[in-house]
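Visitor: Need a 3D model of the following:
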Amino acid sequence: MLKTIYIVAVGGQGSVVLADWLFHAAHYAGYVAQTVGLPGLSQRGGSTSFYVEVLLSRDTAEQEGVVFSHYPVPGQVDIILAQEFLELGRALQRGFASPRTAVIASTHRVYSLAEKMPAAGGPTSDEDIRRLASELAGPFTGFDALKLARASGLDEVAVNAILLGDLSVSGLLPIGEDAYQQAIRHTGVAVEANLRAFDLGRQQAAQKSAPAAPAPPSREERQRELSARLPARHRRAFLALVDSQMSAFDPQVRDTLVEACYVLADYQDPAYAADFLGRVKEAYGADCAEGGFEFTRLFAAGLASLMSYDDVIQVARHKSSPQRFAAIREGMGIGRGQVYSVADYFSPEVDEVLSVLPPALYRLKAAILPRRAVLRYRSPTTSFPGFVLLRLLAAMRRWRRHSQRYQQEAELWRYYQETVAEFAWLAYDLGSLAARSAQMVKGYGAIRRRHIEVMHLFLEEMLRPLVDRETALGGGEFPLSLRVGNMARGLILASEDGVERARELVAGVLRDAQGPEGYAAVLERLSATPAAVR
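Guide: Here you go, the predicted model:
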């Protein structure tokens, strides 16, 4: 009897090692097996898969006569091992599962490119994948193997061995524990760590003493943890700021504000975070307990995002940070004593570079150089001149508040704060919707400018005309503005052509909602339409 096993994963998760373990474990148990690596995108972190067949017979003649398949047949797979949850969804969607198929999956996520592209609402629902598994497959075992690995001090590739341990206990294959352990030793990849992870998987499957995930830190512990990540000169000021200011806010918003203050203190300094809190206090005064302080949380998150814009100073800081070089060494498997080099390619607009200057110097230089011209520069980042140049740019952070770019961005914050407050004064939910508009601003350079224009377009040419129309009709509430505004925002965030689709939607609603009867008809028609992404 043949047992077929389909392994689905994301490139870099070590699925080739998991397939090798299964192949060698079958041989140590006295069976014959075949493993096939299927075409994928493993070199770019995309989908990758392996297929394993095991002949569960020790009869020599049968072993010599077996003909293995080189590809899984939809509906004929006995076991699916999923090292990432969306990859399980892909396998289910392609029809590989059937009621005979047992599924063992790690429920953690590595988001795909298609999920990352929309500004919001892109990730596939885990509940949808679970529903598909329950409808299309047989026995299902799902748990967060990555979380279990990290809680036990192991890295993310330990997910492989944890899933193998779970499989060894499941009874789906007549292969003993010793055979799996011999296979792990034979392969020779991080043997001790993988044996430990294998035991964790067995404990998880047997519901024994698998380590529970650590309890989340208290607010005070989290504040100390965040302060430890800041430069030493800012740690005391950061702690003093959050200790003295957080008492002015409801506990429901403090966690959001602490995280935002850390981001801004790391981006600039604690005084910058204090300026942020001052702006949030004005919005907080318009909030109410009935709303669960959603408005304040949304406004704070949006403002913090706008205030931590990527200028050339921030880019240089990221490119030359010790954490980046550590990640490169770890990702490339570079050992101690090994020499490596990093070259970065920059193509900023002239205006982006000039905007770090004070306004007077900026105007002088901008009058000479074309603002939209693009500079192309290759930086040997790991060379002495290249690294020093980036560090000098990063050191300009202390003068950021005196730059032309800071003045431009500060105008955006003021506009956002005043406009959101204006809508919040009309209706609480309108203020929350307006606060979400900051989600539309992404990227840097020309992309950021375009997204800022989209935010203005949404607030001034979509939401405001809708509110004006409902106000003219004499209603005290704004159901149409909220419904259509949320739909328009969802369209904008979902795709590149969403802006035009949102414009058409709003124009059509304004055209049809003429007078009380037209207004009522449009509202009824839209009441069954799904709202936007959150």
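
Visitor: worst-scoring helix or strand of this protein, pLDDT-wise?
Guide: Using mean pLDDT, DSSP states H and E, helix 113-116 stands out as the lowest-scoring helix or strand of the chain, at a mean of 68.

Visitor: Next SSE downstream of that one?
Guide: Going down the chain from helix 113-116, the next helix or strand is helix 126-136, by DSSP states H and E.

Visitor: neighbouring contacts of that following helix?
Guide: Residues external to helix 126-136 that are found in contact with it (C-beta atoms under 8 Å, 6 or more residues apart in numbering): 85-86, 88-89, 92-93, 97-98, 103, 105, 107, 109, 140, 142. Bear in mind the C-beta positions are built from the backbone N, C-alpha and C, glycine included.

Visitor: Any buried residues in that helix, and which?
Guide: Under the neighbour-count criterion of 16 or more other C-beta atoms under 10 Å, helix 126-136 has I129, R130, L132, A133, L136 buried.

Visitor: Please apply the same query to stretch 192-212.
Guide: Going by 16+ other C-beta under 10 Å, stretch 192-212 has these buried residues: 193-205, 210.

Visitor: Stretch 158-174 too?
Guide: Using 16+ other C-beta under 10 Å as the test for burial, stretch 158-174 gives 158-169, 172-173.

Visitor: Secondary structure, pLDDT and distance to H402 for those residues - can I get that in TSV?
Guide: Below are the buried residues of stretch 158-174 laid out as TSV (DSSP: H, G, I helix; E, B strand; the rest coil; pLDDT from 0 to 100; distance: C-beta to C-beta, whole Å):
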residue	secondary structure	pLDDT	distance to H402
A158	helix	90	49
V159	helix	92	49
N160	helix	91	52
A161	helix	93	54
I162	helix	94	53
L163	helix	94	55
L164	helix	94	58
G165	helix	93	58
D166	helix	94	58
L167	helix	94	61
S168	helix	93	63
V169	helix	92	64
L172	coil	93	66
L173	coil	93	67
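
Visitor: nearest to L491, of the residues you listed?
Guide: V159 (36.8 Å; C-beta to C-beta).

Visitor: distance of that closest one from R235?
Guide: Per C-beta to C-beta, to the nearest Å, V159 is found 35 Å from R235.

Visitor: What about the contacts of helix 126-136, which are in helices?
Guide: Among those, the ones falling in helices (DSSP state H) are F85, L86, L88, G89, L92, Q93.

Visitor: Pull out the buried residues from the residues you listed.
Guide: By neighbour count, with 16+ other C-beta under 10 Å, the ones in helices among the contacts of helix 126-136 hold F85, L86, L88, G89, L92 as buried.

Visitor: pretty sure the last one is in contact with T124, am I right?
Guide: Pointing back at L92 there. No - taking C-beta atoms under 8 Å as the definition, L92 is not a contact partner of T124, at 11.7 Å.

Visitor: Residues that sit against both of these two, list them.
Guide: By C-beta under 8 Å, 6+ apart, L92 and T124 have no common neighbours.

Visitor: Which elements pack onto the host helix or strand of E259?
Guide: Element membership of E259 [criterion: DSSP H and E] is helix 251-267. Contacts defined by 3 or more C-beta pairs under 8 Å, 6 or more residues apart in numbering; DSSP states H and E place helix 251-267 against helix 219-229, helix 232-245, helix 270-284, helix 294-307.
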